[in-house]
Structures are given as structure tokens and as C-alpha cells.
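Undergrad: please find the sequence and the predicted model below.
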Amino acid sequence: MVASIQEFNAVKTQVRRSTGGHKDPYIQVMTVWFTLALTLLCLACCCHGTMSCPTLCKCYPRRAEVVCSEVPLTQFPSEGLPENTTLLTIQYTNITSITEEDLKAIPLLEGLHLYSNNLKNLSSDLLRGVPRLNTLDLTGNKLAYLPPNVFSHAPLQTLVLKNNMFEKVHGEWFSHSSNLTWLDISGNRLTTVPSALLQKVPHLENLDLAHNRLEKISLNSLDGLTKLERLNLQNNKLSSLDASIFNNNRNLTYLFVSENQLEKLPATILRGLTKLQGVSLDDNKLTHIPPGLLDQLPSLHDEGLDLTTNPWLCDGKVEYLWRWLQKNKAKAFTAENIVCAKPLSLQGRSVLALKEETEYFWRWLMHPQNVLFLEEVPCASPEVLKNQQVVSLRPSIVVLVPPWGSRRQIDFHIGVHL
């Protein structure tokens with residue numbers, strides 16, 4: 001092309017000399033047209049491959065991005081795919097497979113988003129031809145199994161396997177320690193935490209295991225994740241957590257354990273997690289908070305703690321939670337919605353609204369073995385309450401049972417209440 005331009009300039013110079021330096025109008029017009037033709041030819045040659053675009057796709061040359069989101073698409077859009085593509089999105093199509101050869105055509109690829117297609121399997125060499133790929137999103141496909149080393153051939157930092165059909169995930173997916181920082185396996189069918197896989201991702205900062213069927217987190221399974229900042233265990237079937245489960249996760253900033261079946265929490269489970277800014281424990285089966293548990297959260301943000309939708313038992317053990325809420329109301333998400341489930345007389349009442357009237361009251365409540373909310377005990381006095389059931393009194397009456405535990409009609413005056 002350069003030679004052609006030089007030849008054209010040489011001819012133009014000869015023409016000028018032969019006409020004595022005067023510009024012939026015909027020569028001028030031809031010069032303009034010839035220059036325009038050369039310019040268009042140059043652009044066509046320089047832009048070949050960047051202006052092409054596959055059928056049923058949209059291309060954005062300035063950011064080297066291609067987006068294919070048409071349902072009729074059933075095969076990888078190889079034809080017309082610009083070689084310099086760095087970001088490829090294929091979504092909501094009927095594509096069922098993708099191969100190593102498909103991706104070799106775009107060696108500069110950095111981000112591959114393949115969500116909501118019909119992918120059922122992947123080749124172990126799939127990523128061999130994309131050495132710059134750092135983000136792979138496979139959300140919403142029909143993947144249930146992946147071969148060993150499938151993620152070993154690219155420097156992945158973000159891997160999303162959300163909403164597939166995995167019952168197990170394997171450490172063999174990576175042949176060696178990975179630089180992965182973001183791993184999302186939510187919305188699958190996992191029953192156990194993938195310990196073997198987590199050992200291969202020591203740089204992980206975000207781990208999402210929400211919406212699975214996890215029943216237990218095995219001891220030490222999270223120990224290698226010293227850089228972990230965000231852990232999502234929401235909507236599983238966890239009924240308990242070991243006191244030392246987060247011992248090595250001192251960088252945790254957000255912890256989501258809502259919508260599980262937790263009945264109690266170890267008093268030391270949050271010890272050392274001083275960077276926690278948000279903790280979600282809502283929608284479990286918690287009845288009490290161990291004394292001192294929430295005092296271990298100095299970095300908690302406003303509305304950073306969610307304790308709503310739990311069946312709180314408002315007996316003597318509720319004092320710690322009550323006192324903490326009094327001092328840290330702003331730290332609790334909708335604090336007024338943390339309500340008593342039992343006893344019946346306090347059902348629906350906000351824990352925050354409970355009142356301490358005497359030190360004697362709390363001293364007795366701190367010894368639950370001395371406190372019973374008796375539904376079958378009637379009042380003997382005062383006269384205005386004679387024969388009325390204690391549990392029906394408003395405000396609620398706490399019955400103090402003597403050491404010998406006799407269950408009989410008790411003569412007392414109303415002086416201890418909420």
C-alpha cells in the first residue's frame with residue numbers, strides 16, 4: 001500500500017512538470033478521486049476483522065466487545081467474530097456446547113460470560129487457547145459435572161458457577177494453586193463445603209455458597225482462606241456452626257448466614273473477627289444470643305446486624321440482647337422488628353421495648369431455673385386478680401417458684417413485670 005502511494009506521488013510530480021507546473025482541472029479532479037479511493041482501500045485493509053460481526057450478535061469495536069443474546073443461536077458464533085475481541089457475552093441462547101477451537105479464534109479474550117444457555121459439559125482443554133482470560137461466568141446452565149483441569153489453563157481471578165446442577169465440586173478442577181479471588185457456586189445442590197477445592201484457592205476474597213443444601217461445615221474447611229473478606233452461606237440447612245470455624249478468617253468483612261436452621265451460636269464464634277461490618281443472622285431458629293457475642297464486633301456498620309425473624313425466647317437470658325440493643329440500636333437492622341416469640345404473653349413484643357424496672361427482676365431472670373411462665377397457675381391475691389390465670393396478665397407476670405418447686409396456688413403481689 002505504501003509503494004502504491006509513492007508511485008502515485010511520482011506520477012503526479014511528472015504530470016506537474018510536463019504541464020509547466022500548471023494544474024490542469026482534469027488532473028485535479030482525478031487526483032481527488034484517486035486519493036479518496038486509496039484512503040478507503042487503506043481503511044478496509046486496516047480495519048479488516050474489527051468491523052466484522054457474527055450474525056445474531058452485536059459488536060462494539062471501541063471496547064472490543066461482542067454480545068450475542070438471541071434465542072435462535074444454537075452454535076458458537078465463530079464466523080465473523082473479531083480476532084481482537086477481549087470481552088464476549090453469550091446469553092439466553094440455545095447453545096449446548098463450546099470447544100477449545102471456538103475460543104482459539106479470539107486469543108486476546110479476557111472476559112467470557114456464558115450465562116443462561118444450555119451448556120451441559122465443557123472440555124478439559126477449553127481454556128487452553130485464551131491465556132489472558134481472567135473472568136469466566138457460567139451462570140444458569142445445566143452443568144452437573146466438569147472434568148479435571150478444566151480451569152487450569154487460564155489465569156482466572158473470577159469464576160461464577162451459579163445456578164447450575166452441581167452436587168459436588170472437585171479440587172482437581174485446578175491442577176495447582178490458583179490466583180482466584182472470587183468464587184460463586186451458589187444455587188446448586190451441594191450438601192458439603194468443597195474443602196478440596198478451597199485448598200486450591202488460597203487468595204480467595206469472596207466465596208458464595210448460598211442457596212445450596214449445606215447441612216454442615218466441616219472443621220478446618222475454611223482455614224486456608226486467610227484473605228477471605230466476604231462469605232455467603234445464606235439459604236442452606238445449617239443447624240449449627242463450630243466455635244472455631246472462622247478462626248483463620250480474620251479479614252472477614254461481611255458474613256451472611258440467614259435463612260438456615262441455626263438454633264444457637266457459640267459464644268466465641270466471632271472472636272477475632274474485628275473487621276466485620278455486616279452480619280446477617282435473620283430467619284434462623286435462634287432463641288438467645290450468648291453474653292458477650294456482639295461485643296466482639298467493633299467495626300459493625302449502622303444496620304449491619306440483622307437478627308430479625310428468629311423465635312426469640314424472652315426469659316432471663318434475653319437480658320444481654322436487650323442491653324446491647326439499648327446501647328447499639330443503630331447497629332441493628334430494623335431493631336424494633338426483633339420480637340419475642342415466647343412466652344405467649346410477650347409474643348410479638350419488641351425485645352427493644354422490654355423494660356427493666358428493678359435489679360431484683362433481672363437478678364431472678366438470670367436464673368431461669370427459678371422462673372416459670374405457668375399457664376395453669378391462678379392468682380390468689382390481690383382480690384381484683386383472684387383466680388385469673390397468671391399467663392393472661394398484662395403486663396406479663398413472672399412467677400417465682402420456691403426452691404422446693406411446689407406447683408400450687410401461689411399468694412403474691414404484682415411487683416415484678418415487663
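TA: Everything's here; your move. In this text the structure is predicted, and so the values were computed from the model without any measurement.
Undergrad: distance of the spatially most central residue of the chain from Leu344?
TA: Nearest to the mean C-alpha position of the chain, by Cα atoms, centre = their mean, lies Asp208 at 4.7 Å. When distance is defined by Cβ to Cβ, to the nearest Å, Asp208 is 39 Å away from Leu344. In this view, the C-beta of every residue, glycine as well, is placed from N, C-alpha and C.
Undergrad: try Asn149
TA: 60 Å.
Undergrad: these two: which has the busier surroundings?
TA: Comparing Asn149 with Leu344 by other Cβ atoms under 10 Å, the one with more neighbours is Asn149, at 17 against 13.
Undergrad: would you agree the more buried one is in contact with Ser175?
TA: Yes - in this structure, Asn149 sits in contact with Ser175. The criterion is Cβ atoms under 8 Å, and the distance is 5.0 Å.
Undergrad: who's in contact with Leu109?
TA: Leu109 makes contacts with Thr85, Thr86, Leu87, Leu88, Leu103, Val130, Arg132, Leu133, as judged by Cβ atoms under 8 Å, 6 or more residues apart in numbering.
Undergrad: contacting residues for the third one?
TA: By Cβ under 8 Å, 6+ apart, the contact set of Leu87 is Arg63, Ala64, Glu65, Val66, Leu109, Glu110, Gly111, His113.
Undergrad: related to what we said a few turns ago, help me confirm that the residue nearest to the centre of the chain comes into contact with Ile185.
TA: Yes - taking Cβ under 8 Å as the contact criterion, Asp208 and Ile185 are neighbours in contact, 6.8 Å apart.
Undergrad: returning to that earlier point: separate out the buried members of the contacts of Leu109.
TA: Buried members of the contacts of Leu109, scored by 16 or more other Cβ atoms under 10 Å, are Thr85, Thr86, Leu87, Leu88, Leu103, Val130, Leu133.
Undergrad: follow-up on the earlier one: between Asp208 and Ile185, what contacts are shared?
TA: Common neighbours of Asp208 and Ile185, using Cβ under 8 Å, 6+ apart, are Lys162.
Undergrad: and the strands in the stretch 201-350 of the chain?
TA: When assigned using DSSP state E, counting those that start in this stretch, the strands of the stretch 201-350 of the chain occupy the ranges 206-208, 230-232, 254-256, 278-280, 305-306, 312-313, 340-342.
Undergrad: those strands: which one's closest to Asp125?
TA: Taking Cβ to Cβ as the criterion, strand 206-208 is the member of those that comes nearest to Asp125, at 26.9 Å.
Undergrad: residues contacting that closest one, please?
TA: Under the criterion Cβ under 8 Å, 6+ apart, external residues in contact with strand 206-208 comprise 162, 181-186, 198, 225, 228-232.
Undergrad: quick one: which of those sit in helices?
TA: Counted as lying in helices by DSSP state H, out of the contacts of strand 206-208, are Leu198.
Undergrad: which one of the contacts of strand 206-208 is nearest to Gly140?
TA: So of the contacts of strand 206-208, ranked by how close each gets to Gly140 (Cβ to Cβ), first place is Lys162, at 7.1 Å.
Undergrad: residues in contact with the closest one?
TA: Counting by Cβ under 8 Å, 6+ apart, Lys162 makes contact with Leu138, Thr139, Gly140, Asp184, Ile185, Ser186, Gly187, Asn188, Asp208.
Undergrad: domain parsing for the chain?
TA: By the assignment in automatic domain parsing, the chain contains the domains 2-46, 355-418.
Undergrad: just for the stretch 1-150 of the chain, where's the confidence low?
TA: Filtered on pLDDT under 70, the stretch 1-150 of the chain yields the residue ranges 1-51.
Undergrad: would a markdown table of the contacts of Leu87 with secondary structure and distance to Lys317 be doable?
TA: Written out in a markdown table, the entries for the contacts of Leu87 read as follows (DSSP: H, G, I helix; E, B strand; the rest coil; distance: Cβ to Cβ, whole Å):
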| residue | secondary structure | distance to Lys317 |
| --- | --- | --- |
| Arg63 | helix | 58 |
| Ala64 | coil | 60 |
| Glu65 | strand | 57 |
| Val66 | strand | 60 |
| Leu109 | coil | 57 |
| Glu110 | coil | 54 |
| Gly111 | strand | 51 |
| His113 | strand | 49 |
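Undergrad: which of those residues are buried?
TA: Going by neighbour count (16+ other Cβ under 10 Å), the contacts of Leu87 have Ala64, Glu65, Val66, Leu109, Glu110, Gly111, His113 buried.
Undergrad: could you pull out the strands for the stretch 51-200 of the chain?
TA: In chain order, the stretch 51-200 of the chain shows strands spanning 57-60, 65-68, 87-90, 111-113, 135-137, 158-160, 182-184, with DSSP E, counting those that start in this stretch as the criterion.
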